[in-house]
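Asks: Below are the sequence and a predicted model; questions follow.
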Amino acid sequence: MIEKTAVPDKNQIKSRFPSKKVLIRPKAIIECYTEIPCNPCETSCPFDAITIGEDINKIPTIDFDKCTGCGICVYSCPGLAIMNVMIKNGKAYFKIAYELLPLPKVDEKWLAINRHGDEIATCKIEQVMPPKKTNNKTALITVSVEQPYLYDFVTIRRAHE
Ligand code: SF4
Ligand code: SF4
């Protein structure tokens, strides 16, 4: 339970995902579990897919039918609580905000990290969008991992030299 450990359990994580059928197209997965006064995700989405409403403390909800997977909310969230996810050919593709240096390079193998900070697998760097004004000065990294890690992967770490 996130209330006790600060890490969401598998049921909480799965509750943020649509069905795997829906994930044949990229969708935003919003892992914002506690009420805080924050709403850039809602105001940045050009497709009105995210709703918080008048009470800025409410937890965001997403309409997956409206989400195009454009990725704008991924770099707009100050809490790095959003990623884009898609499934294709047995692999899960994640677009994540990444704020550390050095940035990875396309085709490199990095470590896939879970919500406990543990290494779970190797992932492949598919795309790197460096920080620039148009993406809120936040790098966006797309990585692929084997699909069984769909609900485990959360970020990357450079592989041991
Ligand atoms: S990925 Fe794009 S369309 Fe989907 S919720 Fe985020 S900003 Fe909206
Ligand atoms: S912008 Fe991020 S941290 Fe803020 S409410 Fe939206 S998902 Fe949560």
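Replies: Good, I have the coordinates. Numbering: from 1, shown residues only. Ligands and ions are numbered 1, 2, ... in the order given.
Asks: Where does pLDDT dip in the protein?
Replies: 1-3, 161 (pLDDT under 70).
Asks: how does it look with 80?
Replies: Filtered on pLDDT under 80, the chain yields the residue ranges 1-6, 160-161.
Asks: any chance you could map the strands in it?
Replies: Using DSSP state E, the strands assigned to the chain run over residues 27-30, 50-51, 61-62, 82-88, 91-98, 109-113, 119-129, 139-146, 155-157.
Asks: Including mean neighbour count and distance to ligand 1, could the ones you listed go into a markdown table?
Replies: Yep, even glycine has a C-beta here, placed from its N, CA and C like the rest. Shown next, in a markdown table, are the strands of the chain (neighbours: other Cβ atoms under 10 Å; distance: least, Cβ to the nearest ligand atom, whole Å):
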| stretch | mean neighbour count | distance to ligand 1 |
| --- | --- | --- |
| strand 27-30 | 23 | 4 |
| strand 50-51 | 20 | 5 |
| strand 61-62 | 17 | 6 |
| strand 82-88 | 21 | 6 |
| strand 91-98 | 22 | 9 |
| strand 109-113 | 18 | 21 |
| strand 119-129 | 16 | 14 |
| strand 139-146 | 20 | 11 |
| strand 155-157 | 18 | 18 |
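Asks: can you put those in JSON lines and add distance to Phe17?
Replies: What follows is those, written out as JSON lines (distance: least, Cβ to Cβ, whole Å):
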{"stretch": "strand 27-30", "distance to Phe17": "6"}
{"stretch": "strand 50-51", "distance to Phe17": "15"}
{"stretch": "strand 61-62", "distance to Phe17": "10"}
{"stretch": "strand 82-88", "distance to Phe17": "7"}
{"stretch": "strand 91-98", "distance to Phe17": "10"}
{"stretch": "strand 109-113", "distance to Phe17": "17"}
{"stretch": "strand 119-129", "distance to Phe17": "17"}
{"stretch": "strand 139-146", "distance to Phe17": "15"}
{"stretch": "strand 155-157", "distance to Phe17": "17"}
